[in-house]
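Student: Fold the following.
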Amino acid sequence: MGDSDEDAALFRAVVGNITPLADQNRIIPKQPAIHARARHNIATSPVADTLSDNQHSDAPEEYRRNGLSRLALRSLRRCQIQDNLDLHGNTVEAARMLLQQFLSEAGQRGSRYVRVIHGKGINSRGNEAVLRTHTRHWLTQHPEVLAFCPAPASAGGSGAVLILLKART
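Tutor: Sure thing, here's the model as predicted:
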């Protein structure tokens, strides 16, 4: 008799006679709902590259356009994210184009609260978060961006930014 046979025999001896639950008393675990994002047929025309890379070192941690109250940042931190973009592993040039395309398409879909994951720069040379500073600098220039702030730890922390986009009418 091997160890597993002895363990099985010991388990049966300890448990003894058991009666299975009746079918009506069983709770069948539910799978979490999968929320599929509705896709609309959006013309994917090329987006003009209007964002500058100059002076990206002074990019703010959080930003809001003139006239926008601080309450907008508070609601942004508590929002339900409607769309995501992950820029990990992209070059600065590719990330700039992807960001512009993403913001354009998100606006066309009517998304107002979006998240851009740029990473923390842990695996980059010198542990410098290049995409982080560039992304925040670009967002201050984009006409559709009303505000942005760092994501909470549960949504990416300092490696992501939450963005409030203009409402499309």
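Student: The host helix or strand of residue 134 packs against which elements?
Tutor: In the assignment (DSSP states H and E), residue 134 maps to helix 130-141. Packing partners of helix 130-141 (3 or more C-beta pairs under 8 Å, 6 or more residues apart in numbering; DSSP states H and E): strand 63-64, helix 92-109, strand 145-150, strand 160-165. All C-beta spots, glycine's among them, are computed from the backbone N, C-alpha and C.
Student: Flag every buried residue along that helix.
Tutor: Buried residues in helix 130-141, counted by 16 or more other C-beta atoms under 10 Å: 130, 131, 132, 133, 134, 135, 136, 137, 138, 139.
Student: Find me the pLDDT at residue 137, would you?
Tutor: pLDDT recorded at residue 137 is 89.
Student: Same check on residue 165?
Tutor: 91.
Student: doesn't residue 163 make contact with residue 139?
Tutor: Yes. Counting by C-beta atoms under 8 Å, residue 163 is a contact partner of residue 139 at 6.5 Å.
Student: any shared contact partners between those two?
Tutor: 116, 145, 148 (C-beta atoms under 8 Å, 6 or more residues apart in numbering).
Student: picking up where we left off before, dump the helices and strands packed on helix 130-141 into JSON lines; add mean neighbour count as well.
Tutor: As requested, these are exported to JSON lines (neighbours: other C-beta atoms under 10 Å):
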{"stretch": "strand 63-64", "mean neighbour count": "18"}
{"stretch": "helix 92-109", "mean neighbour count": "18"}
{"stretch": "strand 145-150", "mean neighbour count": "20"}
{"stretch": "strand 160-165", "mean neighbour count": "24"}
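Student: out of these, nearest to residue 10?
Tutor: Residue 10 sits nearest to strand 160-165 of all the helices and strands packed on helix 130-141, at 50.4 Å, using C-beta to C-beta.
Student: I'd like the distance from the closest one to the chain centre, please.
Tutor: For strand 160-165, the separation from the chain centroid amounts to 9 Å (computed by C-alpha atoms, centre = their mean, to the nearest Å).
Student: for stretch 85-100, same thing?
Tutor: On C-alpha atoms, centre = their mean, the centre of stretch 85-100 falls 14 Å from the chain's centre.
Student: rewinding a little: ok, the buried residues of helix 130-141 vs residue 62, which is closest?
Tutor: Taking the buried residues of helix 130-141 together and measuring to residue 62 by C-beta to C-beta, the closest member is residue 136, at 9.0 Å.
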